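**Q** Have a look; sequence and predicted model below, questions after that.
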Amino acid sequence: MLSLPSQLLIRNLDLFAEGQWAIVNPSDVHIFSEIESDKVVGLHQMFDMYQGASNISKHKQYYAADFTAIPALKENKLDGAVIYLPKAKQHLDLLIHQLNDLLKIGGQLLVVGENKAGIKSVGKLLEKLGSTVNKIDGAKHCGLICVTKENEASKAFNLESNGVIRTYSVNDLPVKVFSLPGVFGHKQFDPGTQLLLSELAPKSDRLLALRGNILDFACGTGIIGTYLLKANAHVKLVMSDVSALATYCAKKTLELNEVEAQVIDSDGLNEVSGTFDAVVSNPPFHTGIKTNYDITQQFIVDAHKQTRPRGKLMIVANRFLPYADTLSKQYFKSQTVLQTNKFSIYEAAK
């Protein structure tokens, strides 16, 4: 099903009639079925969208945290690109700087998105590329904004230089964290994650019980898994996330703390093989700006399948989220370890 931004975009398919174009981080994969030109490529930072588009589309698809590192795009610059408006404005700014490096002088950069997501305010960010910013179309409670690139950037885009490094005290243990816009936990120590890790203090029974293969699902910046590696020498860690930006950050965080783990790009647990003695997570409950319980509900089911006998699952979630029943149905036993007015920490054993 076409998202509302895609429905607006197909009213303007003549944009893609000439030249090399890119569709950047689309909110659905079906937009590629509507575009006839074979000179349109997909650029994705979300692994599920990349896989879905690759499966249904004739168009070339790329998956990367940094699109400027894709050789084919560096050699043949784009005549135009359409960015689907992300949740975080800082993430949009990051994408604009990437696409600026990939566009020809005179090329068009467009942003499409819903009014409630903030499409009306993106013009100032686009003014970095050119002096004239226009609204091309508006319908379906969405807008399509365009700017023409007038000058080359003063310096080449560098993804790492856009990151922020901060050191957080996690149960009195210093953990350096690398983060980028668009990644959960950017420039903050999320309070839900803090609460979860407070139950895994050094030398605590719960932490000492974590041994063997451990999975940090939806790892984000990598703070959970990195802390576990620093606090417990008896774990072998795997991190996974659906976001290329997140796995990029997680790798940087591991390097900063001089610990090692396998980091996997995966839609849910689809790309994660093997079984685990424990799974620890602060799982997502949003798809873009929309609340989506299905991601974590499916994760709980899949985690049970990949947890070894007597293995455990430990997650933190907003208190209002309905995960207790799913846990009790899937696992031999489950309990609410801790509950505040905002969060619940659940532990389940197979």
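**A** Cool, got the structure. Every value quoted in this text rests on a predicted model; they were computed, and no experiment measured them. Residues are numbered from 1 along each chain as shown.
**Q** tell me the domain boundaries of the chain?
**A** What automatic domain parsing lists as the domains of the chain is 4-148, 163-349.
**Q** will you turn these into CSV that also has mean neighbour count?
**A** All C-beta atoms are positioned from the backbone trio N, CA, C, and that covers glycine. Output for those, formatted as CSV (neighbours: other C-beta atoms under 10 Å):
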stretch, mean neighbour count
domain 4-148, 19
domain 163-349, 19
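**Q** for these, which one sits closest to Ala156?
**A** Smallest distance to Ala156 across the domains of the chain (C-beta to C-beta): 6.2 Å, for domain 4-148.
**Q** what about the closest one, start to end distance?
**A** End-to-end distance for domain 4-148: 24 Å, by C-alpha to C-alpha, to the nearest Å.
**Q** Averaged pLDDT, it. What do you get?
**A** Average pLDDT, domain 4-148: 95.
**Q** ok, now stretch 316-334?
**A** Mean pLDDT, computed over stretch 316-334, is 87.
**Q** And stretch 194-206, by the same measure?
**A** Taken as a whole, stretch 194-206 carries a mean pLDDT of 94.
**Q** Give me the contacts around that stretch.
**A** 170-173, 207, 210, 224, 227-228, 231, 280, 282, 314-316, 337-338, 340, 343, 345 (C-beta atoms under 8 Å, 6 or more residues apart in numbering).
**Q** List the contacts of the spatially most central residue of the chain.
**A** Centroid-nearest residue in the chain, with C-alpha atoms, centre = their mean: Ser243, separated by 3.2 Å. Ser243 makes contact with 45-47, 182-183 under the criterion C-beta under 8 Å, 6+ apart.
**Q** Show me the beta-bridge partners of it.
**A** Note on Ser243: beta-bridge partners by DSSP bridges are Met46.
**Q** pLDDT value on it, please?
**A** For Ser243, pLDDT reads 97.
**Q** okay, the contacts of Ser243 in TSV with distance to Asp93 next?
**A** As requested, those are arranged in TSV below (distance: C-beta to C-beta, whole Å):
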residue	distance to Asp93
Gln45	14
Met46	18
Phe47	22
Gly182	10
Val183	14
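**Q** Among those, which one sits closest to Tyr62?
**A** Minimum distance to Tyr62 across those is 9.9 Å, recorded for Gln45 (C-beta to C-beta).
**Q** wait, doesn't that closest one sit right on Ala65?
**A** Yes. Contact criterion C-beta atoms under 8 Å: Gln45 and Ala65 qualify, at 6.3 Å.
**Q** thinking again about what came up before, mind putting the domains of the chain in JSON lines, distance to Phe157 included?
**A** Supplementary listing: the domains of the chain in JSON lines, determined by distance: least, C-beta to C-beta, whole Å:
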{"stretch": "domain 4-148", "distance to Phe157": "5"}
{"stretch": "domain 163-349", "distance to Phe157": "13"}
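**Q** Please identify which of the ones you listed is closest to Lys155.
**A** domain 4-148 (9.7 Å).
**Q** all helices of the protein, in order?
**A** Using DSSP state H, the helices of the chain run over residues 4-9, 31-34, 47-56, 71-75, 89-102, 123-126, 191-198, 205-208, 223-231, 244-256, 294-305, 324-330.
**Q** and the first one, what other elements does it pack with?
**A** The contact analysis (3 or more C-beta pairs under 8 Å, 6 or more residues apart in numbering; DSSP states H and E) places helix 4-9 against helix 31-34, strand 103-114, strand 133-139, strand 142-148.
**Q** what sits against Ala233?
**A** Contacts for Ala233 (C-beta under 8 Å, 6+ apart) come out as none.
**Q** any idea how far it lies from Leu109?
**A** Counting by C-beta to C-beta, to the nearest Å, the gap from Ala233 to Leu109 is 49 Å.
**Q** Assess the claim that Lys187 and Ser179 are in contact.
**A** Yes. The pair Lys187 and Ser179 qualifies as a contact (C-beta under 8 Å) at a distance of 6.0 Å.
**Q** what residues do these two have in common as contacts?
**A** Common contacts of Lys187 and Ser179 (C-beta under 8 Å, 6+ apart): 164, 166.
**Q** ok, back up a step: ok, so of the contacts of Ser243, who is nearest Glu152?
**A** Using C-beta to C-beta, Gln45 comes nearest to Glu152 of the contacts of Ser243, at 23.8 Å.
**Q** ok, and the closest non-adjacent residue to that closest one?
**A** Once flanking residues are discounted, Gln45 sits nearest to Ala244: 4.6 Å by C-beta to C-beta, 6 or more residues apart in numbering.
**Q** With Gly225 instead?
**A** Asp216 is the one closest to Gly225 (C-beta to C-beta, 6+ apart), at 3.5 Å.
**Q** mind listing the strands for the stretch 251-350 of the chain?
**A** Ranges of strands in the stretch 251-350 of the chain, per DSSP state E, counting those that start in this stretch, are 262-265, 276-281, 286-287, 290-291, 307-318, 333-339, 343-349.
**Q** Can you lay out those strands as a markdown table showing distance to Asp14?
**A** Shown next, in a markdown table, are the strands of the stretch 251-350 of the chain (distance: least, C-beta to C-beta, whole Å):
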| stretch | distance to Asp14 |
| --- | --- |
| strand 262-265 | 35 |
| strand 276-281 | 45 |
| strand 286-287 | 30 |
| strand 290-291 | 30 |
| strand 307-318 | 44 |
| strand 333-339 | 55 |
| strand 343-349 | 49 |
